[in-house]
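**Q** dropping the sequence and predicted coords here.
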Amino acid sequence: QVVESGGGLVQPGGSLTLSCVASGFTLDDYAIGWFRQAPGKEREGVSCTSKIDGAVKYYLPSVKGRFTLSRNNTANTVFLRMKNLNVSDTAIYYCAARGRKGEGWGYCKPNEYTTWGQGTQVTVSS
């Protein structure tokens, strides 16, 4: 399983770092991604990695340059560092892993990812 943490209430222009800790498997063996779902909207990919070459393959255009996905393999943890947050970033944020070792990034589509956490709420408001 994976467990997200680090969400909260932040003012526009602020920063947060989300964490995703895996248990029962080695996160570094799998392609992983961060996703978000705002009220009344579909879940969307925020940033995803490929396990074929280990690279971060995708950032949602609206977060590019503001969000950074990184890993701490020793801690079996993936992070999403978010800066210059704005109201439109308000959502529940999820991390997820693909189902098989060594896969690609699945075009950061939620239905390509099989192991999901419960999510962490990020609210950007003044």
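**A** The structure has been received and is ready for your questions.
**Q** how far does the helix or strand bottoming out on mean pLDDT in the chain sit from the chain's center?
**A** The weakest-scoring helix or strand in the chain, judged by mean pLDDT, DSSP states H and E, is strand 56-59 (a mean of 89). Computed by Cα atoms, centre = their mean, to the nearest Å, the separation of strand 56-59 from the middle of its chain amounts to 11 Å.
**Q** so which elements touch it?
**A** For strand 56-59, the packing partners by 3 or more Cβ pairs under 8 Å, 6 or more residues apart in numbering; DSSP states H and E come out as strand 44-49, strand 67-72. C-beta here means a position set from N, CA and C on the backbone, and glycine is covered the same way.
**Q** so which of those strands is nearest residue 112?
**A** Closest to residue 112 of the helices and strands packed on strand 56-59, according to Cβ to Cβ: strand 44-49, at 8.9 Å.
**Q** pLDDT of that closest one, averaged?
**A** Summarised as a single mean, pLDDT over strand 44-49 is 95.
**Q** so in that sheet, which strands flank that strand, and in what orientation?
**A** Paired with strand 44-49 in the same sheet, following DSSP bridges, are strand 32-37 (antiparallel), strand 56-59 (antiparallel).
**Q** could you say which one of these comes nearest to residue 82?
**A** Of all these, it is strand 32-37 that lies closest to residue 82, at 9.5 Å by Cβ to Cβ.
**Q** report the buried residues of that closest one.
**A** Going by neighbour count (16 or more other Cβ atoms under 10 Å), the buried part of strand 32-37 is 32, 33, 34, 35, 36.
**Q** and these, which is closest to residue 53?
**A** Distances from residue 53 to these, taken as Cβ to Cβ, are shortest for residue 32 (14.0 Å).
**Q** residue contacts, the nearest residue to the closest one once chain neighbours are set aside?
**A** Spatial nearest neighbour of residue 32, chain neighbours left out: residue 97 (5.0 Å); criterion: Cβ to Cβ, 6 or more residues apart in numbering. Counting by Cβ atoms under 8 Å, 6 or more residues apart in numbering, residue 97 makes contact with 2, 22, 25, 27, 30, 31, 32, 113, 114, 115.
**Q** mind doing that once more with 6 Å?
**A** Going by Cβ atoms under 6 Å, 6 or more residues apart in numbering, residue 97 touches 30, 32, 115.
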